[in-house]
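Engineer: Pasting the sequence and the predicted model now:
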Amino acid sequence: KQEVTQIPAALSVPEGENLVLNCSFTDSAIYNLQWFRQDPGKGLTSLLLIQSSQREQTSGRLNASLDKSSGRSTLYIAASQPGDSATYLCAVGPSSNTGKLIFGQGTTLQVKP
Amino acid sequence: EAGVTQSPTHLIKTRGQQATLRCSPISGHTSVYWYQQALGLGLQFLLWYDEGEERNRGNFPPRFSGRQFPNYSSELNVNALELEDSALYLCASSLGSNPYNEQFFGPGTRLTVL
């Protein structure tokens, strides 16, 4: 059974700092991995999608990497801003034909001005 | 291009009642997914509809059901509401029937059961 873990559960950093969020999964048989952002009480905003054949994806100040063999993904945020404060969720799409994403519990990030 | 839309934004019901939640996918998307985000439990997969058919359901009781209409919009029905059904219900859509396509999420419906 696929399990997704995100560490740390919460993170507080000063503005301008570079930071890394971690996601690990127990079954390497995944089709893709997505990183999402969720503001309090809101829906999910897709940040980056990495296919299983890819090693990383970049969008602006965000860079996500994927290491299937070790069951890990990281989301790197450069030059953090107070507007980056939110909960970040990673989700794996399993290789089985289920259509479901399996989510981690998320990392709640606070960027202090 | 309009994203995934959900209605209502908030819904308050009492225990034992029925709730109906609605979702409109992104134009051109044929697959709709439902997820439940209950406090402390994280996001859990509920249902997947594609081309009007239920393709998969998560580990939820039968009182959670739904359907997909010819225009690909979808309804989630929750019967005999229980207090623990209080959660944010998120709908997502994806292009085509490929279950591996990227899922795009709506803003959610907050269901409160009193």
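Structural biologist: Everything's here; your move. Residues are numbered from 1 along each chain as shown, chains lettered A, B, ... in the order given.
Engineer: Can you name the residues of chain A that neighbour chain B?
Structural biologist: Residues of chain A lying close to chain B by C-beta under 8 Å from any C-beta of the partner chain are A:31-32, A:34, A:36, A:41-46, A:49, A:89, A:91, A:93, A:97-106. Any C-beta I mention is one placed from the backbone N, CA and C, and that applies to glycine too.
Engineer: try 7 Å
Structural biologist: Applying C-beta under 7 Å from any C-beta of the partner chain, one finds that chain A approaches chain B through A:31-32, A:34, A:42-44, A:46, A:49, A:93, A:97-101, A:103, A:105.
Engineer: who's in contact with stretch A:90-105?
Structural biologist: A:2, A:4-6, A:9, A:23, A:25, A:29-36, A:73, A:89, B:33, B:42-43, B:45, B:48, B:55-56, B:58, B:99-100, B:103 (C-beta atoms under 7 Å, 6 or more residues apart in numbering or on different chains).
Engineer: Pull out the buried residues from the residues you listed.
Structural biologist: Buried residues within these, counting neighbours by 16 or more other C-beta atoms under 10 Å in any protein chain shown: A:2, A:4, A:6, A:23, A:25, A:30-36, A:73, A:89, B:33, B:42-43, B:45, B:48, B:55-56, B:58, B:99-100, B:103.
Engineer: For chain B, which residues are neighbours of chain A?
Structural biologist: B:33, B:42-43, B:45, B:48, B:55-56, B:58, B:90, B:99-100, B:102-108.
Engineer: so of these, which ones are in strands?
Structural biologist: Of those, the ones assigned to strands by DSSP state E are B:33, B:42-43, B:45, B:48, B:55-56, B:90, B:104-105.
Engineer: what's the average pLDDT for the one helix or strand A:Tyr76 maps to?
Structural biologist: Under the criterion of DSSP states H and E, A:Tyr76 resides in strand A:72-77. Strand A:72-77 comes out with an average pLDDT of 97.
Engineer: again with stretch A:24-38
Structural biologist: For stretch A:24-38, mean pLDDT is 93.
Engineer: Endpoints of that stretch, how far apart?
Structural biologist: Using C-alpha to C-alpha, to the nearest Å, the span of stretch A:24-38 from its first residue to its last is 19 Å.
Engineer: do stretch B:4-15 as well
Structural biologist: For stretch B:4-15, the first and last residues are 29 Å from each other (C-alpha to C-alpha).
Engineer: who touches that stretch?
Structural biologist: Taking contacts as C-beta under 7 Å, 6+ apart, the residues outside stretch B:4-15 that touch it are B:19, B:21-26, B:81-83, B:91-93, B:104-114.
Engineer: At the geometric centre of chain B, which residue do we find?
Structural biologist: Centre of chain B computed as the mean C-alpha position; nearest residue by C-alpha atoms, centre = their mean is B:Trp34, 3.2 Å away.
Engineer: now that one: how far from A:Leu11?
Structural biologist: Counting by C-beta to C-beta, to the nearest Å, the gap from B:Trp34 to A:Leu11 is 30 Å.
Engineer: next one: B:Leu39
Structural biologist: In this structure, B:Leu39 and A:Leu11 are separated by 20 Å, where distance is defined by C-beta to C-beta.
Engineer: Let me see the ranges of the helices in chain A.
Structural biologist: In chain A, no helices are defined using DSSP state H.
Engineer: Show the low-confidence segments of it, by residue range.
Structural biologist: Low-confidence segments of chain A, defined by pLDDT under 70, span residues A:95.
Engineer: quick one, strands of it?
Structural biologist: A:4-7, A:10-14, A:19-25, A:30-38, A:44-51, A:56-59, A:62-67, A:72-77, A:86-94, A:102-103, A:107-112.
Engineer: I'm done for today, thanks for sticking with me.
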